[in-house]
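# Sequence below, structure please.
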Amino acid sequence: MGNLSDVRYADLPLLTADGDERHAWEHWGAGDPLGTLNRITPEVRRDAVATVRTGETINLDLPLDVPYPTLFGRRPYQHTFTGPSKRNFIDDRIDDLFPQASTQWDGFRHLVIPDHGWFSGVQIDFENDRDTIGVQHWASGIIGRGVLVDISERTLAALAEDPAAPVDPIEADELQAAIDATGEPLRPGDILCVRTGWMQYYHDADAAEREAVAGRFTWPGLSGSSEMAELLWDSGVAAVTADNPGVEAAPGRRGSGRLHRPAPALSAMPFGELLRFDALHVALSAQQRSSFLFMAVPLNIPGGVGSTGNAVAML
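Next up is the predicted model:
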């Protein structure tokens, strides 16, 4: 599985005595706001800078008004212009912005574990507590070596055949094979970037198909299996990003569960969703490599549940 984290997934404690879910709550400590982002040490960042060869930058974010229609019932923001003022200035204002409506980061406040609380078992008073595991703690930047893994061939073929039909999830062995195929083993602190092909399909879709996408819960992605959770933890990655709406597949395979539960909620591994990897894939392929400098600066929102992506790649 490449480089391992300091504690193997199999050695993490069980959430409940009669269950099989493992957690890193004791590993990171109660209320730790960074989780696996702690793996991005100054040394990891310094080594990541060494991946830069040409200095070319590629934006990995969708425009803030895409997808449209919006997904999951999140409303589109309202953009208003005012002015010119007496001094000839024009201002603009954005209202009703859902930070997770477009390219996004899922923060640790995003998912609660019933009967246990949020990550590390903390309880949160959302009205008065704007500090505990809020997304503002990530605003110093998620900066490290990105590794782009392309698993789009199978999923694009399935979407071309029937975009409304469930696509078999990417299981742990398939993801590991794709990682191995890059020839660049994962290192502790890496940001794993998974190109499922969903974004290419969405980009090519017409207005009617995009309308249909907003009304169905179907896209390719990673499996929610314990094997996938183990692979992600043991690989040592600091975060997982994908070009689909949820990193994991929807709907998932029966009996596998949801990857959001063992990864962000139980292991404190940030997920980045709806990133654009198509142009990056073309550029990296031309240079015959898969690694690059990944840089994202989540919004400094006190108590934030999530953030816009704000991600770029430097080659």
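# sec struct for the residue nearest to the spatial centre of the chain, please.
Geometric centre of the chain, nearest residue: Gly272, 1.7 Å, by CA atoms, centre = their mean. Put simply, Gly272 is strand when judged by DSSP: H, G, I helix; E, B strand; the rest coil.
# Who is it paired with across the strands?
In this structure, Gly272 bridges to Trp105, Thr241 when assessed by DSSP bridges.
# ok, it to Ile58 distance?
Distance of Gly272 to Ile58, given as CB to CB, to the nearest Å: 15 Å. For the C-beta atoms, the positions are set from N, CA and C on the backbone; glycine is no exception.
# The longest strand seen in the chain pairs with which strands, and in what direction?
Using DSSP state E to define each element, the chain has its longest strand at strand 142-150. The strands beside strand 142-150 in its sheet (DSSP bridges) come out as strand 191-195 (parallel), strand 291-296 (antiparallel).
# Could you look over those and pick the most buried one?
Highest mean neighbour count of those: strand 191-195, a mean of 27 (counted as mean count of other CB atoms under 10 Å).
# What is the neighbour count of Gly197?
Gly197 has 26 neighbours, counted by other CB atoms under 10 Å.
# in the stretch 151-300 of the chain, which ranges drop under the pLDDT threshold?
Across the stretch 151-300 of the chain, the ranges flagged by pLDDT under 70 are 255.
# ok, now with 90
Scanning the stretch 151-300 of the chain for pLDDT under 90 picks out 252-257.
# returning to what we had before: format the CA atom coordinates belonging to the longest strand of the chain as CSV.
Extracted C-alpha coordinates of strand 142-150, given in CSV (Å, rounded to 0.1, in the frame of the first residue of the first chain):
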residue,chain,number,x,y,z
ILE,A,142,-3.9,22.7,2.3
ILE,A,143,-0.6,22.7,0.5
GLY,A,144,1.3,19.6,-0.5
ARG,A,145,2.1,17.1,-3.2
GLY,A,146,-0.9,16.2,-5.2
VAL,A,147,-1.1,12.9,-7.0
LEU,A,148,-3.6,12.5,-9.8
VAL,A,149,-5.0,9.1,-10.3
ASP,A,150,-7.1,8.5,-13.4
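# contacts for it?
With CB atoms under 8 Å, 6 or more residues apart in numbering as the test, strand 142-150 has contacts from 37, 40, 44-45, 47-48, 51, 105, 175, 178-179, 182, 184, 186-187, 189-195, 238-239, 270, 277, 280-281, 284, 290-298, 311, 313.
# what does the average pLDDT come to for that strand?
Here strand 142-150 scores 98 as its mean pLDDT.
# how distant is it from the center of its chain?
11 Å (CA atoms, centre = their mean, to the nearest Å).
# Burial check on the closest residue to Ala239 other than its chain neighbours, number of neighbours?
Using CB to CB, 6 or more residues apart in numbering and skipping the chain neighbours, the partner closest in space to Ala239 is Pro270 (4.3 Å). By the criterion of other CB under 10 Å, Pro270 has 28 neighbours.
# how far is stretch 88-106 from where the chain is centred?
19 Å.
# Stretch 10-23 now?
Mean-position distance between stretch 10-23 and its chain equals 24 Å (CA atoms, centre = their mean).
# List the buried residues of that stretch.
Neighbour counts over stretch 10-23 (16 or more other CB atoms under 10 Å) mark Leu12, Leu15, Glu21, Arg22, His23 as buried.
# Helix or strand: which one has the residue lying farthest from the centre of the chain?
Using CA atoms, centre = their mean, the residue of the chain lying farthest from its centre is Lys86. It sits 44.4 Å away. In the assignment (DSSP states H and E), Lys86 maps to no helix and no strand.
# One more: Glu227?
helix 226-235.
# go on, Ala160?
For Ala160, the enclosing helix or strand under DSSP H and E is helix 152-161.
# so Ala164 makes contact with Ala212?
Yes - using CB atoms under 8 Å, Ala164 is in contact with Ala212, at 7.1 Å.
# more crowded one of these two?
Set Ala164 next to Ala212 and count neighbours by other CB under 10 Å: Ala212 wins out with 15 against 11.
# would you say the more buried one is within a helix?
Yes - counting by three-state DSSP, Ala212 falls inside a helix.
# please begin residue numbering at 2 from this point
All right, first residue 2 from here; so that's Ala213.
# dump the residue contacts of it.
Counting by CB under 8 Å, 6+ apart, Ala213 has contacts Pro164, Ala165.
# Report the angle between the longest strand of the chain and helix 227-236.
130 degrees (axes from the mean of the first three to the mean of the last three CA atoms, to 10 degrees).
# rewinding a little: how much space separates the residue farthest from the centre of the chain from Thr81?
In terms of CB to CB, Lys87 sits 19 Å off from Thr81.
# same deal with Ala102?
17 Å.
# ok, now Ala25?
Distance of Ala25 to Thr81, given as CB to CB: 43 Å.
# okay, these two: which has more neighbours?
Ala25 (23 against 9).
# How about that one: what's its closest non-neighbour residue?
Nearest residue to Ala25, sequence neighbours excluded (CB to CB, 6+ apart): Ser268, at 4.7 Å.
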